[in-house]
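Undergrad: sharing a sequence plus its predicted fold:
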Amino acid sequence: MEFGLIAMFTSMGTVAKTVAILLICLSVITIYLFIERLIVFSSAKNKSKQVAPKIADLLKSGKMQEALNLCSKKEYRGSHLARVSAAGIKEFLEGKEVNLDLEEQISTAQRGCDRAANIFLQELKKGLSVTATIATSAPFIGLFGTIFGIINAFRSMQLTGSGGIGAVAGGISEALITTAFGIGVAIIALWCYNSMNTKTEVFNAEMANTSSEIVDFFIRETKKEA
């Protein structure tokens, strides 16, 4: 008897084939989202490496407006550090223009950084909920096919009037195949989800550190001016 993926698929019933196709589609979606997120993460990391030293140099020179202009450039929009820095500098300068006191300037800058970080974090988490849903639902989708495989096994037993292994082998094989598919897709999706979630947490920590450094810089600058 020939044993292979194609042979197993052609021997499946309609329901089992539908379940298998659905699981294959879910695995393709998972891999696509994983690759797409990796590209976004890599872009954010590389752009931040390029712009971070430039921002630091401009701020040390007291050129806050120039630093804001640099952070706001379209080419650095994908940089998480540029986004957070731009928000903090913008709020600080606007607070300074309306003559807010030191504490209020620092507070508005901090809130600006936090808002930018939260917005960018949500952008980074795009697709994670889909991957998590696939990871949790794939085993149950496979189980759905398993149930129908077992039903087919009992139907074959009833039609043949025999309780031998030959009468139930087809249905049992369908059940095992769909179960294996479901578990396999769930493992892939869970691995991708954990990997992407870990990376977003790293980005979140980096944005929090940048926000803290920006606010500390503003505090030192205002003390110098005073």
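TA: It's in.
Undergrad: so where's the protein shaky on pLDDT?
TA: Across the chain, the ranges flagged by pLDDT under 70 are 1-13, 152-153, 155-174, 223-226.
Undergrad: mind doing that once more with 80?
TA: 1-16, 148-176, 221-226 (pLDDT under 80).
Undergrad: relative to Ala52, how far out is Met196?
TA: Distance of Met196 to Ala52, given as Cβ to Cβ, to the nearest Å: 23 Å. To be clear about C-beta, it is placed using only N, CA and C from the backbone, and glycine gets the same treatment.
Undergrad: same for the helix ranked longest in the chain, what does it pack against?
TA: Criterion DSSP state H: the longest helix present in the chain is helix 165-225. If contacts are counted by 3 or more Cβ pairs under 8 Å, 6 or more residues apart in numbering; DSSP states H and E, helix 165-225 sits against helix 5-11, helix 14-60, helix 80-97, helix 102-124, helix 128-160.
Undergrad: I figured Ala87 hits Cys113, correct?
TA: Yes: here Ala87 reaches Cys113: they are 5.6 Å apart, a contact under Cβ atoms under 8 Å.
Undergrad: ok so, going back, next, the angle from the longest helix of the chain to helix 102-124.
TA: If you take axes from the mean of the first three to the mean of the last three Cα atoms, to 10 degrees, helix 165-225 sits at 160 degrees to helix 102-124.
Undergrad: mind giving me CSV with the helices and strands packed on helix 165-225 and columns for distance to Val202 and mean neighbour count?
TA: Shown next, in CSV, are the helices and strands packed on helix 165-225 (distance: least, Cβ to Cβ, whole Å; neighbours: other Cβ atoms under 10 Å):
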stretch, distance to Val202, mean neighbour count
helix 5-11, 38, 12
helix 14-60, 9, 17
helix 80-97, 10, 23
helix 102-124, 10, 18
helix 128-160, 14, 17
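Undergrad: need these in JSON lines with distance to Asp216, can you?
TA: Converted to JSON lines, those look like this (distance: least, Cβ to Cβ, whole Å):
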{"stretch": "helix 5-11", "distance to Asp216": "59"}
{"stretch": "helix 14-60", "distance to Asp216": "11"}
{"stretch": "helix 80-97", "distance to Asp216": "11"}
{"stretch": "helix 102-124", "distance to Asp216": "10"}
{"stretch": "helix 128-160", "distance to Asp216": "31"}
